[in-house]
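Peer 1: Sequence unavailable; structure follows:
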């Protein structure tokens, strides 16, 4: 996928090339935070003149509403898989469309003390890509930037 945070960036953190690769969109609209130091969220969708739903959403939750046990229960309920070694605590899961076909994926990464949560949701990924691998890579590369005490 390349560097998720390479310039030119959207929402202060995401490379346009990475967005295009995972969503399949060559033209898109972003909204959200403009600074990596004050990042809260970034939403990617088709240009504003269409009624396309959100394709990619990244959120940073500074105060977790769940306990670590609660996060583990969510992982089980979502049929999630733990993030790979080196990506920190968290999990990823596939989003299935009608007929059970994979159409996206999400990843949740949290601090070891369960104080912050980074969530990446790819609602509709580019055809032919491994959507779960894409959100895992986003989590792996964004973690040091958005959860720096855990890198």
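Peer 2: That came through, no problem. Computed from a predicted structure; not experimentally measured.

Peer 1: which intervals of this structure have sub-threshold pLDDT?
Peer 2: Residue ranges of the chain with pLDDT under 70: 1-2, 8, 48-52, 149-151.

Peer 1: Swap in 50 and give it another go.
Peer 2: 151 (pLDDT under 50).

Peer 1: Could you point out the longest helix of it?
Peer 2: helix 131-146 (DSSP state H).

Peer 1: what helix or strand does the residue most central in space within the chain sit in?
Peer 2: Nearest to the geometric centre of the chain sits residue 120, at 1.7 Å (Cα atoms, centre = their mean). Element membership for residue 120, per DSSP states H and E: strand 117-122.

Peer 1: beta partners for the nearest residue to residue 121 once chain neighbours are set aside?
Peer 2: Excluding the flanking residues, the one nearest residue 121 by Cβ to Cβ, 6 or more residues apart in numbering is residue 106, at 4.2 Å. The C-beta positions use only the backbone N, C-alpha and C, and glycine is treated the same way. For residue 106, the beta-bridge partners are residue 93, residue 121 (DSSP bridges).

Peer 1: Surely residue 106 is in contact with residue 90?
Peer 2: No. Under the criterion of Cβ atoms under 8 Å, residue 106 makes no contact with residue 90, lying 10.4 Å away.

Peer 1: re earlier: now the strand holding residue 120: how far from the chain's centre is it?
Peer 2: 4 Å (Cα atoms, centre = their mean, to the nearest Å).
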